[in-house]
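>>> model the structure of this input:
(one chain, ligands or ions: 1)
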Amino acid sequence: MDGVFLVVTFLGRLFSGHGRQLGLVINIPLMREFQAQWVAITGASSGIGEQMAEILAQAGAKLVLVARRGDRLRQLAERCISLGAIEVRVVEVDLTASAGVEKLIAELSALPGGLDGLINNAGFGATGNFDQAHWRLLDSMLELNIASLVRLSHWAAGVLRAKGRGGILNVASTAAFQPLPGMALYGATKSFVSTFSAALHQELKYSGVKVSCLHPGKTETEFFDAAGMSGKAIRFFQIPGMSAREVAQIGLQGWAANQPQVIAGGLNRVIAFLTRLAPLTFQLRLAHSLFREPEARISE
Ligand SMILES: NC(=O)c1ccc[n+]([C@@H]2O[C@H](COP(=O)([O-])OP(=O)(O)OC[C@H]3O[C@@H](n4cnc5c(N)ncnc54)[C@H](OP(=O)(O)O)[C@@H]3O)[C@@H](O)[C@H]2O)c1
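Sure thing, here's the model as predicted:
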């Protein structure tokens, strides 16, 4: 298993720089797709969501920025306006609460001309053995990663089908492609997002509504602090991550092209392909060796 880990680390270093060179060009198709369109982004206060907001601002979109940290959202809103966004609204909500989700839907329903695009990006993970985690932490993960995404997708799909255009981009993970001992529930929530989004893509394919699912691999964001993985003991840390900017760019391009599944980065695509071929017992042992965390976050 150590040999496999070394190969993965080596390939990661080889491919990560290469991917960065490919992903950073602002292109005309993105501008054509999103200019003057209302796009709502959950989890916009940091990481991939924040970078998507900046790219869409440069494309001349109208944005609704959603997260709990209102101060961060308001700073980002100012930046987005200076980058070229036509209008930016901030919605400060906790999406683990159904009241927060309904409040967001009410705000989106009031947009002049209606919503054109929804990016369900907010999400978090936690390391450690499933049975030792506090139930409220796991319940919050189910609410944010699954329940809020499903409710928002259901509302938006109805609105967009009636319009005959627009789209939904859901953010899953390469964690969706195999069981993830050490992050069991997180991996399972992302598997849900993956299959749910692919099915929605097909259901809406001929309605003019684009549905894509972005699968980032390791990406340099605040995700690992939130997941309680700041202790460098976890081996996954030694694999280089992609930049949030590059992942955001790849996701938006894939969505504009209406790709059902967008895996960020060459190495992640290779690993996703090989994972499908590997026996389950091998997948389990490799994943557990990467994600076993001595200082696991087990409380709220
Ligand atoms: N980073 C990675 O390696 C990686 C890999 C694969 C997939 N992903 C996925 O990518 C997505 C974005 O994560 P990221 O890497 O950009 O991490 P991040 O920097 O931690 O961003 C997470 C975002 O979600 C928001 N959020 C968290 N809890 C929330 C809540 N209860 N209500 C509303 N918003 C909430 C956070 O804002 P507030 O704290 O202000 O609410 C933040 O804006 C997630 O779905 C994650 O699972 C990340």
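>>> what's the local residue count around the residue of the stretch 51-200 of the chain found nearest the ligand?
Residue nearest to the ligand within the stretch 51-200 of the chain: Gly123 (2.4 Å; C-beta to the nearest ligand atom). Using the backbone N, CA and C atoms, a C-beta is placed for each residue, glycine as well. As a burial measure, Gly123 scores 26 neighbours (other C-beta atoms under 10 Å).
>>> OK, contacts around Ser173?
Counting by C-beta atoms under 8 Å, 6 or more residues apart in numbering, Ser173 touches 186-187, 190, 215-217.
>>> how about the secondary structure of the residue of the stretch 51-200 of the chain closest to the ligand?
At Gly123 the chain is in coil, as set by DSSP: H, G, I helix; E, B strand; the rest coil.
>>> which residues sit in contact with it?
Contacts of Gly123 by C-beta under 8 Å, 6+ apart are 43, 144-145, 171, 189-190.
>>> tell me, which of these make contact with the ligand?
When contact is defined as C-beta under 6 Å from any ligand atom, the contacts of Gly123 meet the ligand at 43, 144, 171.
>>> reformat these as TSV; add secondary structure, pLDDT and distance to Arg69.
Listed next are these as TSV, based on DSSP: H, G, I helix; E, B strand; the rest coil; pLDDT from 0 to 100; distance: C-beta to C-beta, whole Å:
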residue	secondary structure	pLDDT	distance to Arg69
Gly43	coil	98	10
Leu144	helix	98	14
Val171	strand	98	18
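>>> so which bits of the stretch 101-250 of the chain are right by the ligand?
Contacts of the stretch 101-250 of the chain with the ligand, taken as C-beta under 6 Å from any ligand atom, map to 121-125, 144, 171, 173, 216, 218-219, 221-223, 226, 241, 244.
>>> tell me how many other residues crowd Ser194.
22.
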